[in-house]
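Asks: Return a 3D structure for these sequence lines:
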Amino acid sequence: MTAARAKLKTKPVGNPQAFAQAAECLRTLAHPVRLRMVQLLLHGRYTVGELAEDCDVPDNVASEHLRLMQRCGFFTSEREGRKVFYKVAEPHLQDIMSCIESRFLR
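Replies: Numbers count the residues shown, from 1 in each chain. Alright, predicted model coming up:
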């Protein structure tokens, strides 16, 4: 068997549990408002109100989207006085957003 042919037979690493977790997080991302929030938060911190205004949704709807994203570990929040700021916690979101932007926004 040649080295090139042997390379073709090598299977990538993976397991059903990891793919299930990945699928759940991708389902969470698969919403236009959430994708916009990711895009914004990759460029800085925002409050719920700021995100809601940019995404043209009520504050309570923005809060629910943020809660879902936090549950997947995508965002964290920091309280400063009366304001709560959200920021990206998962650096791999940059790679995902770069792919989306290059495919759909250019």
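
Asks: What residues does residue 75 make contact with?
Replies: Residue 75 sits next to 41, 66, 69, 86, 87, 88, 89, 90 when contact means Cβ atoms under 8 Å, 6 or more residues apart in numbering. Where you see a C-beta, it was placed from the backbone N, CA and C, and this is true even at glycine.

Asks: Tell me the one among these nearest to residue 15.
Replies: Residue 15 lies nearest to residue 90 out of these, by Cβ to Cβ, at 20.2 Å.

Asks: ok, that closest one - how many residues close by?
Replies: A count of nearby residues for residue 90, using other Cβ atoms under 10 Å, gives 15.

Asks: What is the end-to-end distance of stretch 72-92?
Replies: Terminal residues of stretch 72-92 lie 13 Å apart, using Cα to Cα, to the nearest Å.

Asks: List the residue ranges of this structure that fall below the pLDDT cut-off.
Replies: For the chain, the stretches with pLDDT under 70 are 1-7.

Asks: so where do the helices sit in it?
Replies: With helices called from DSSP state H, the chain shows them at 3-9, 16-29, 32-41, 48-55, 59-71, 93-104.

Asks: before we move on, back to that, max pairwise distance over the contacts of residue 75: which two?
Replies: 66 and 90 (13.7 Å).
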